[in-house]
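Colleague: have a look at this fold, sequence not included:
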């Protein structure tokens, strides 16, 4: 289960970081922070499930869980996350356009009233 959790976190991290080339220093810092965060999550999971006894089978099953997740489920999660980001992006754009339209309308009304007052 910890391997699957690690795989989900890795897919989420890949989507946030993107697949484009970045500065090597930025990538190094991002990767380091990701693996520290993942290690903390896995450690807490192992503390909860087996009191963090680290034996060889824990490492093997962690690797098997990551492999199975990446082989069979990763594409589904990535597709779901991309669709979710697209929908959230559209919703954000619509809300932003409504807010901009509202302020443009207020500005138009104020400008129109100022023209009337200026002509009189």
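Modeller: Here it is on my side, so go on. Not measured: the values here are computed from a predicted model.
Colleague: C-alpha only now, for contacts and for neighbours.
Modeller: Will do.
Colleague: centre-most residue in the chain?
Modeller: residue 16 (4.7 Å; CA atoms, centre = their mean).
Colleague: what residues does the helix or strand containing it touch?
Modeller: Per DSSP states H and E, residue 16 falls inside helix 2-17. Outside helix 2-17, the residues that touch it by CA atoms under 8 Å, 6 or more residues apart in numbering are 34, 38, 42, 45-46, 61-70, 74, 77-78, 81-82.
Colleague: tell me the helix or strand right after that helix.
Modeller: Next along from helix 2-17, by DSSP H and E: helix 24-50.
Colleague: buried sites along the helix or strand that that next one is followed by?
Modeller: The helix or strand immediately downstream of helix 24-50 is helix 56-68, counting by DSSP H and E. Using 16 or more other CA atoms under 10 Å as the test for burial, helix 56-68 gives 58, 62, 63, 65, 66, 67.
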